[in-house]
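A.B. asks: coords please:
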Amino acid sequence: MRVTRRRFLQGVLAAELAHVTGLAPEALAKAGPDELFGFRPVGNLTLLFVTDLHAHLRPIYFREPSVNMGPPGMADVPGHLGGAAALRYWGIKPGAVDAYFASSVEFEELARRYGRMGGVAHIATLVKRVRAERGGRVLLLDGGDTWQGTGVGLLTRGKAVVEAQNLLGFDAMTPHWEFTYGKEDTLNRIGELSADFVAHNVADDVWGEPVFKPYTIKETQDLRVGVIGQAFPYTPIAHPRELVEGWTFGIKEDRVQQLVDELRGKKVDLVVLLSHDGLEVDRKLASLVKGIDVIVAAHTHDPLPQPLKVNNTLIVQAGSHGKYLGRLDLEVTAGKVARYEHKLYPVLSGHIPADPAMEALVNRVHAPFEAMLGETLGVTESLLYRRDTFMGTFDELIVEAIKDAYDPEVVFSPGFRWGTTLLPGDAITMKDVYDLTAITYPDVWTFDLAGGRLKDILEDILDNVFNPDPFLQQGGDFTRLHGVDMVVEAAAPVMKRIREFSIGGKPFDPTRMYKVSAWGGSLYRAGVNVRPGQRPVYEVVADYLRRKKTVRVARPDYLRFV
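C.D. replies: Below is the predicted model:
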């Protein structure tokens, strides 16, 4: 039998799995090639997609949320699946590789069984495999939140990640956290990027002219594909406004419809929206705009083992942090999708050989920072993770460090979704701290804030999480807190969701000024009497760990629901 390149690559992957050590036989069976890589190709186009990489060029652990709450009526559906609910919804067997990647259930046990996830060198191996199989029918798309989230990302201002993107050979990307490097660095990185950078909804605030290309038309072996870029619409709200001064954002659904019609007029065979809206926003957008064939979603970090369908639009999303490579095969006939097949490839990095060229690039861009990022700061005795709607244990470690350094009555820490996971017994390195704090506005501010204003800020954040209109949800999980206790009614009207509120174990006084510390935004501007001594949060946390040496962090319980 003739050995084709495709069969050779399949054999390499199968052999790699067969020689994995340290797994029980039943685990090897569950991690077999058919389950991980088996796919029935169809049609005349393959879309590959990675979203929310957050600058993680090397493999990591990443735990999905056990609590992923949303507005009333949106519980236990994609976008708000956590823990066992995710397994039930998607029909995933506990203990399988897919359970490890898509749920928090038995995370520690499965992490020790299956190992780390992601890594661009391993993604590159899978991408090359699919390209060898499908030839010129493949487009590789990046959903954004790619350049930010690690020490290497921050210290190179995204440049290291752009190098990896170029080697992977992306065809198009759209942005969000990319903008937090500021306009100058963002534009410099775009100039270095080989992919088309598309974002129709960013305009200058004087003339309303588009700042970036609204779309690109990619010609594959058989088709003309229009790819519209939808940048995160709330960038100036979620981040300091000065980072994108002079640019406007927004969902702009009418403009999306215009661009779809324009592309149809240019005789494209398929229209793709490469979107960083978030899953709920994309579902609503798909219900309003006609003619979008596929939305490649991002921002909310949701793994969708199966596409969602709204009217005639397929919505796909590949989780976050490089855990998955998404694949959607389409048979496109007369401008319509006749059939499709879909898969999320779990990037089980210990089982997939690293691409040598990409591995060399990753090692090269890390080399200047290895000593600094490799410093061991302490050891954790508990599972450290971020991703839950209200509080992760790594977030609790951050607020404890801020409390220790500044002795405030209340600590605010942002509800970011990105950040890695550490297992009990793991060393905590400077890299790990950066993985949770690597932003361009990292200073911890301490200031005085009236109790009434403090409560109003929390009400506003709750509305972001629980507003029933997706277009009014601005992304992120709930702010992490220290020093407060709340009883919340999620279904209550805006600004009336907090039923009970205490600070330091006492009912809050709306007129009293409380000492507050916060990082990760412009919250300090709401206060008066800003106190001296602000420092980057990663330095605050690192110093705390150097003193503590060993940490055990319990998940806090300061918020209850009625």
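A.B. asks: tell me who's in contact with residue 379.
C.D. replies: 425-428, 549-551 (C-beta atoms under 8 Å, 6 or more residues apart in numbering). C-betas here are computed from N, CA, C, even on glycine.
A.B. asks: these two touch, right, residue 435 and residue 152?
C.D. replies: No - applying C-beta atoms under 8 Å as the test, residue 435 and residue 152 come out as separate, 10.1 Å apart.
A.B. asks: mind checking which of these two has more residues around it?
C.D. replies: residue 435 (28 against 25; other C-beta atoms under 10 Å).
A.B. asks: chain neighbours aside, what residue packs nearest to the more buried one?
C.D. replies: Sequence neighbours aside, residue 420 is the residue nearest to residue 435 in space, at 4.5 Å (criterion: C-beta to C-beta, 6 or more residues apart in numbering).
A.B. asks: is that neighbour in contact with residue 437, as I believe?
C.D. replies: No - using C-beta under 8 Å, residue 420 is not in contact with residue 437; the gap is 11.5 Å.
A.B. asks: who's in contact with the strand or helix carrying residue 446?
C.D. replies: Taking DSSP states H and E as the criterion, residue 446 maps to strand 443-450. Residues from elsewhere that reach strand 443-450 (C-beta under 8 Å, 6+ apart): 402, 405-406, 408, 410, 510-519, 523-524, 526-531, 533-537, 540.
A.B. asks: same question, stretch 235-251
C.D. replies: 176, 179-183, 201-206, 208, 211, 230-234, 277, 281, 285, 440-441, 471, 474-476, 521-522.
A.B. asks: and it, what's buried?
C.D. replies: Neighbour-count burial for stretch 235-251 flags 235-236, 238-239, 243-244, 247-249, 251 (criterion: 16 or more other C-beta atoms under 10 Å).
A.B. asks: likewise stretch 127-146?
C.D. replies: So, applying 16+ other C-beta under 10 Å, buried residues of stretch 127-146: 127-134, 137-146.
A.B. asks: mind showing which ranges of the stretch 151-300 of the chain have poor pLDDT?
C.D. replies: Within the stretch 151-300 of the chain, no range satisfies pLDDT under 70.
A.B. asks: residue boundaries of the strands in it?
C.D. replies: 172-173, 196-197, 203-204, 215-219, 224-230, 247-248, 270-275, 294-296 (DSSP state E, counting those that start in this stretch).
A.B. asks: which SS class is residue 547?
C.D. replies: The local conformation at residue 547, judged by DSSP: H, G, I helix; E, B strand; the rest coil, is helix.
A.B. asks: ok, which pair from the buried residues of stretch 235-251 is furthest apart?
C.D. replies: 243 and 251 (19.9 Å; C-beta to C-beta).
A.B. asks: which of the buried residues of stretch 235-251 lies closest to residue 105?
C.D. replies: residue 238 (30.2 Å).
A.B. asks: how much space separates that closest one from residue 299?
C.D. replies: 10 Å (C-beta to C-beta, to the nearest Å).
A.B. asks: try residue 456
C.D. replies: 26 Å.
A.B. asks: comparing these two, which residue is more hemmed in?
C.D. replies: residue 299 (29 against 15).
A.B. asks: right, and the more buried one touches residue 144 too?
C.D. replies: Yes - between residue 299 and residue 144 there is a contact at 7.5 Å, judged by C-beta under 8 Å.
A.B. asks: between those two, what contacts are shared?
C.D. replies: Counting by C-beta under 8 Å, 6+ apart, the residues touching both residue 299 and residue 144 are 51-52, 176, 232, 276.
A.B. asks: would you point out the most distant pair within those residues?
C.D. replies: 51 and 232 (12.0 Å).
A.B. asks: so what sits against both of the two?
C.D. replies: The contact lists of residue 51 and residue 232 share 144, 299, where a contact means C-beta under 8 Å, 6+ apart.
A.B. asks: with neighbour numbers in mind, choose between the two.
C.D. replies: Counted by other C-beta under 10 Å, residue 51 and residue 232 do not tie: residue 51 has more neighbours, with 33 against 30.
A.B. asks: contacting residues for the more buried one?
C.D. replies: Here residue 51 is in contact with 142-145, 296-299, 317-320, 326 (C-beta under 8 Å, 6+ apart).
A.B. asks: over to residue 510?
C.D. replies: 450-452, 455.
A.B. asks: wait, a helix at residue 354?
C.D. replies: No - Residue 354 is assigned coil when assessed by three-state DSSP, not a helix.
A.B. asks: could you measure from it over to residue 362?
C.D. replies: Taking C-beta to C-beta, one finds residue 354 at 9 Å from residue 362.
A.B. asks: over to residue 123?
C.D. replies: Residue 123 is 11 Å from residue 362, by C-beta to C-beta.
A.B. asks: the two - which one has more neighbours?
C.D. replies: Higher neighbour count among residue 123 and residue 362: residue 123, with 28 against 23, using other C-beta under 10 Å.
A.B. asks: my read is that that one contacts residue 50, right?
C.D. replies: Yes - using C-beta under 8 Å, residue 123 is in contact with residue 50, at 6.6 Å.
A.B. asks: need the overlap of contacts for those two.
C.D. replies: 322, 325.
A.B. asks: can you pull out the strands in the stretch 301-450 of the chain?
C.D. replies: 308-310, 313-316, 324-333, 336-346, 376-380, 410-413, 427-429, 443-450.
A.B. asks: hey, which of those is tucked in deepest?
C.D. replies: Most buried of the strands of the stretch 301-450 of the chain by mean neighbour count (mean count of other C-beta atoms under 10 Å) is strand 410-413; its value is a mean of 25.
A.B. asks: packing partners of that one?
C.D. replies: helix 393-406, strand 480-482, strand 513-518 (3 or more C-beta pairs under 8 Å, 6 or more residues apart in numbering; DSSP states H and E).
A.B. asks: what lines up beside the second one in the sheet?
C.D. replies: Just to be clear, that refers to strand 480-482. Here strand 480-482 has these sheet partners by DSSP bridges: strand 410-413 (antiparallel).
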